[in-house]
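Enquirer: Kindly generate the corresponding structure for this input.
(one chain, ligands or ions: 1)
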Amino acid sequence: MSRALIIGGGLAGGAAAARLASLGQPPLLLEREEGPHHKICGEFLSVEAGSTLAGLGFDVTRLGGARIDTMRLHAGHRSAAAQLPFVATGLTRHSLDDALLDHATRLGADVQRGTSVRHIANGRAITSQGEAPAGPLLLATGKHDLRGQPRNAAGTINDLIGFKQFFRAPAALRTALAGAVEITLFKGGYAGLQSVENGRLNLCLLISRARFRELGGSWETLLATLLREPGLAPLAEAEALLPRPISIGAVPYGFLARPSADAGLYRLGDQAAVIPSFCGDGMAMALHSGRLAANMLAAGAAPAAYQARLRRDVARQVRLATTLQRLSETRLGRFALIAGLTAVPAALTTLARWTRVNDAALARVQA
Ligand SMILES: Cc1cc2nc3c(=O)[nH]c(=O)nc-3n(C[C@H](O)[C@H](O)[C@H](O)COP(=O)(O)OP(=O)(O)OC[C@H]3O[C@@H](n4cnc5c(N)ncnc54)[C@H](O)[C@@H]3O)c2cc1C
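Expert: Down below sits the predicted model:
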């Protein structure tokens, strides 16, 4: 069989490349960026993601992420806190994605950075350098749809704009935030604040287009409003590190690829399933899909069989998280969530478990 072509070198593409290489079928991977780059992401790396990375022989601890074991949820002046049922890591995508591609290269994958795939014609990828050799196609372009291969956004939540900015905070604030991911629900959206490596803080948020416009339509006016939220007010003492925030629009939250939709194409990561960001398990799903696709491709399974298996592994989690996101969109829903979680703290643990890739699915791909 000709070697597989992986389009996109994020976590899904990187995991598939590493796994195929270690199964003795080194693929070609094309990534459009020339080197490490920032991505919009809360950078909350869950225990499931860590476990799939470890199964690929990748030691995430050497990248020096921040330990996170507590979640605090804020809505106005109300807050709820709970111990997470696992220890997560705050780690930048700038470090992680690049290190995973290096790992795949060391295992034998042919990783070509700085090559963009423009479209797919008759099962062949047309790139910025010409036509790529024929072979099974794994589509791992993440948040970005390839021309001619759109995801069907019907029924998804896709009217949100995402922003991310890093901050350097005074020592007292860093200490106050150490070990926690702080989720603030606000009118029109929610924000996550947590530590990442080298003592920085990552603020990542989603807001509806309509509310963003209402607030003046600029990052400056949005940030000024958010700093009035009790959960985010301490950030006023911190210094923004990127010249301007990274942003994204129209992420189709709740999207699940259908097995028969793209015969001949293995869809990975966000191209296969998009779980609302507050769950902090999108990276785990991307890694899981990459490893699963590699296992099934190497065993001769057709794309539709892989897509059906992945859907069984993640559909329930994506649907539940999408319902919770819709609930948080109303004022009543936000306060019901906080009140419910304050009254029954164990519910947070249960919800966290139900919105993640489960142990049985993880164990199956590691076998
Ligand atoms: C606001 C926000 C916050 C989030 N927070 C979290 C979180 O805290 N924890 C968590 O687990 N998940 C989080 N997620 C989800 C997580 O970021 C995604 O699920 C994950 O990045 C998906 O990985 P991927 O490999 O599918 O795609 P990506 O990480 O998007 O990677 C795709 C890669 O493909 C490349 N590419 C794109 N087009 C082409 C092309 N035409 N040719 C070649 N290369 C191409 C891109 O450059 C990129 O490197 C968040 C998502 C959003 C939007």
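
Enquirer: near the ligand, which residues of the stretch 201-350 of the chain show up?
Expert: Contacts of the stretch 201-350 of the chain with the ligand, taken as CB under 6 Å from any ligand atom, map to 204, 206, 248, 251, 269-270, 277, 280-284, 286. The way it works is simple: take the backbone N, C-alpha and C, and place the C-beta from them, glycine included.

Enquirer: Strands of the stretch 201-350 of the chain, residue ranges please.
Expert: Assigned by DSSP state E, counting those that start in this stretch, the stretch 201-350 of the chain shows strands spanning 239-240, 246-249, 265-267.

Enquirer: Deepest in the core, which of those is it.
Expert: strand 265-267 (a mean of 26; mean count of other CB atoms under 10 Å).

Enquirer: average pLDDT across stretch 32-47?
Expert: Per-region confidence: stretch 32-47 scores 96 on mean pLDDT.

Enquirer: Check stretch 204-219 too.
Expert: 97.

Enquirer: Please put the alpha-carbon coordinates of that stretch into PDB.
Expert: Listed next in PDB are the C-alpha coordinates belonging to stretch 204-219 (Å, rounded to 0.1, in the frame of the first residue of the first chain):
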ATOM      1  CA  CYS A 204      -8.900  32.000  26.500                       C
ATOM      2  CA  LEU A 205     -12.500  32.900  26.000                       C
ATOM      3  CA  LEU A 206     -15.500  32.500  23.700                       C
ATOM      4  CA  ILE A 207     -18.200  35.200  23.200                       C
ATOM      5  CA  SER A 208     -21.200  35.400  20.900                       C
ATOM      6  CA  ARG A 209     -20.800  37.600  17.900                       C
ATOM      7  CA  ALA A 210     -23.900  39.600  19.000                       C
ATOM      8  CA  ARG A 211     -22.500  40.300  22.500                       C
ATOM      9  CA  PHE A 212     -19.100  41.200  21.100                       C
ATOM     10  CA  ARG A 213     -20.700  43.800  18.800                       C
ATOM     11  CA  GLU A 214     -22.700  45.100  21.700                       C
ATOM     12  CA  LEU A 215     -19.500  45.600  23.700                       C
ATOM     13  CA  GLY A 216     -18.000  47.800  21.000                       C
ATOM     14  CA  GLY A 217     -16.500  45.100  18.700                       C
ATOM     15  CA  SER A 218     -12.900  45.400  19.900                       C
ATOM     16  CA  TRP A 219     -10.600  43.400  22.100                       C
END
